[in-house]
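Asks: Just a sequence and a predicted model for now, questions to come.
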Amino acid sequence: MKLQKIIFILFLSVFAYSATAQTESQLRRKKEAIQREIEQLQKNLNKTANGKKLTLQQINAINAQIRLRQDKIGTINSEIKNLDNQISQNTNTVHTLQDQLGDLKKEYAGMIRFAQRNRNAYEKMMFIFAARDFNQAYKRIKYLQQFSQYRKKQAGYIENTQQDLNGKIKVLDKTLREKSDLLKEQERERERLGKDKNQQAVALNQLTKQERQFKQDINSKKKEQAQINRAIAAAIQRAIEEARRKAAEEARLAAAKRAAEERAAAARAKAENKPAPTTSTAPAVRAKSTSELLTATPEAARLSAGFENNRGRLPWPVSTGTITERFGLHKVDQASYTNDGVDITTADGAAVRAVFAGKVVMVQNIMGRTAVVINHGEYFTVYQNLKGVSVSVGNSVDTKQTIGAVASTGDDAILKFQIRRGQGALNPEAWISK
């Protein structure tokens, strides 16, 4: 029973350790990914640090770096919490194994004392010959053999338990060292976060001095984006109108077919001197919604359903990058503007990929920058600020197919990415993978 208890305790320890190790691995990968994003942003900030004029991209990069640094500290806290759980589990296991080892040693000492008292071969023989009959003598022989074997097993149990105990103590020491290292790393990240916040304060102070120029920049940005958004809306509307034209054409062909069948039926009735069949009245055609128009064909319906089913799992439009401007309304000092998507800062010339299979409905150069719109049934994805575009209108694309490269906008290489359902803008962060 005691052996079973030891095995059960060790099994629980191994199971808990494997589950925790998996979480540790996930947290470590997340922390490394965050660090890569921070390093990329810092590289971009270092590149633009000598510029006398503060840009919106710099402010967004500083804010994103602070957010990432806070995420990293949160991840480290989760790692420390996991290690605390491991330390608690391993400490309990060590105490249990120490108790079990003590009990095993006491039992073994008792057996040794018994064996010492009965070590004389003559006494063992007398113990056997004193049996009432042959069966009892045989049982006494087996008892002596089993006692000897059990004593050897007990010695093995003690040795194995001691090895397990030593192993757990080593794991406990290693975990304590890891926790100490994480606490130091956490302190370093807190110091860096403080420096980032100081940099943010300096940037905001500089922003106040350049307020007039900054407002002009934002107004220019809003006008430029409004022009691009009009082009995007027009491209989506053309796709909707094309779907409506196809639906009307199908309805016209169906009506013409029905009319031809009725004329043929009337001619047959006249030839056979039968009453003419009653002419059917075409049912009133209900105007289809935008969603119904965009998913009218089986292919479009399949694309739309596939896109929707991959919500939260769509690949990023670039292999590496950081979201430096989020979806929605933004206020910088006294100026404000709305972003219908997200801005992803990445490496200059980074490959831009389609996030899902679809059909290209727009490739347009606006103010020296190319925008691409891809239709996925009811949904559309928009990729702005491209160069070297490798697709054209009407092309079909696959998931993760390269469609161009990110162009540099002066200081940074930024991809502006949108997801739309019809004409309505959606938050891409809810759709792309974390």
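Replies: Alright, I've got the coordinates.

Asks: Could you pull out the helices in the stretch 51-200 of the chain for me?
Replies: Ranges of helices in the stretch 51-200 of the chain, per DSSP state H, counting those that start in this stretch, are 56-117, 121-129, 134-209.

Asks: Would you single out the least confident of these?
Replies: For the helices of the stretch 51-200 of the chain, mean pLDDT drops lowest on helix 121-129, to a mean of 55.

Asks: so Trp319 is in which element?
Replies: Wrong residue type there; residue 319 is Ser, not Trp. Under the criterion DSSP states H and E, no helix or strand holds Ser319.

Asks: Now do the buried residues in stretch 169-180.
Replies: By neighbour count with 16 or more other CB atoms under 10 Å, stretch 169-180 contains the buried residues 169, 171-172, 175, 178-179. No exception for glycine: its C-beta is placed from N, CA and C like everyone else's.

Asks: wait, which of the residues you listed is closest to Glu378?
Replies: Lowest distance from Glu378 to the buried residues of stretch 169-180 (CB to CB) belongs to Glu178, with 49.1 Å.

Asks: out of everything not next to it in sequence, what's closest to that closest one?
Replies: If the residues on either side of it in the chain are set aside, Glu178 comes closest to Leu83, at 5.9 Å by CB to CB, 6 or more residues apart in numbering.

Asks: try Gln237
Replies: Counting by CB to CB, 6+ apart, the residue nearest Gln237 is Gln423, at 7.4 Å.

Asks: And the one you found, how far from Phe380?
Replies: Noted for Gln423: a distance of 9 Å to Phe380, by CB to CB, to the nearest Å.

Asks: Determine the residues that are contacts of both of the two.
Replies: Residues touching both Gln423 and Phe380 by CB atoms under 8 Å, 6 or more residues apart in numbering: Ile236.

Asks: related to what we said a few turns ago, return the residues in contact with the residue nearest to Gln237.
Replies: Counting by CB under 8 Å, 6+ apart, Gln423 has contacts 233, 236-237, 290.

Asks: Sort out which residues of stretch 81-89 are buried, please.
Replies: Buried-residue list, stretch 81-89, by 16+ other CB under 10 Å: 82-83, 86-87, 89.

Asks: Take those residues and lay them out in CSV including distance to Asp103.
Replies: Converted to CSV, the buried residues of stretch 81-89 look like this (distance: CB to CB, whole Å):
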residue, distance to Asp103
Asn82, 32
Leu83, 30
Gln86, 26
Ile87, 25
Gln89, 21
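
Asks: Can you tell me which of those residues comes closest to Phe307?
Replies: Once CB to CB is applied, the member of those that ends up nearest Phe307 is Asn82, at 36.0 Å.

Asks: Neighbours of the closest residue to Gln186 other than its chain neighbours, how many?
Replies: Nearest-residue entry for Gln186: Ile76, 4.7 Å, with adjacent residues in sequence omitted and distances by CB to CB, 6+ apart. Neighbour count for Ile76, taken as other CB atoms under 10 Å: 21.

Asks: 2 is where my numbering starts, stick with that
Replies: With the count now opening at 2, the last piece we talked about shows up as Ile77.

Asks: Let me know whether Ile77 touches Lys185 as I believe.
Replies: No: in this structure Ile77 lies outside contact range of Lys185 using CB atoms under 8 Å: 10.2 Å.

Asks: pretty sure Ile67 is touching Lys196, no?
Replies: No: using CB under 8 Å, Ile67 is not in contact with Lys196; the gap is 10.2 Å.

Asks: higher neighbour count, these two?
Replies: Ile67 (16 against 10).

Asks: Give me the distance between the more buried one and Glu190.
Replies: Taking CB to CB as the measure, Ile67 falls 12 Å from Glu190.

Asks: Next: Gln200.
Replies: Distance from Gln200 to Glu190, by CB to CB: 15 Å.

Asks: Trp317: what's it in contact with?
Replies: Here Trp317 is in contact with 345, 354, 356, 433-434 (criterion: CB under 8 Å, 6+ apart).

Asks: filter those to the buried ones?
Replies: 345, 354, 356, 433.

Asks: which residue packs closest to the third one, ignoring adjacent ones?
Replies: Excluding the flanking residues, the one nearest Val356 by CB to CB, 6+ apart is Leu315, at 4.6 Å.

Asks: Please name the bridge partners of the one you found.
Replies: Per DSSP bridges, the residues bridged to Leu315 are Ile433.

Asks: Can you get me a residue count around it?
Replies: Leu315: 19 neighbours (other CB under 10 Å).
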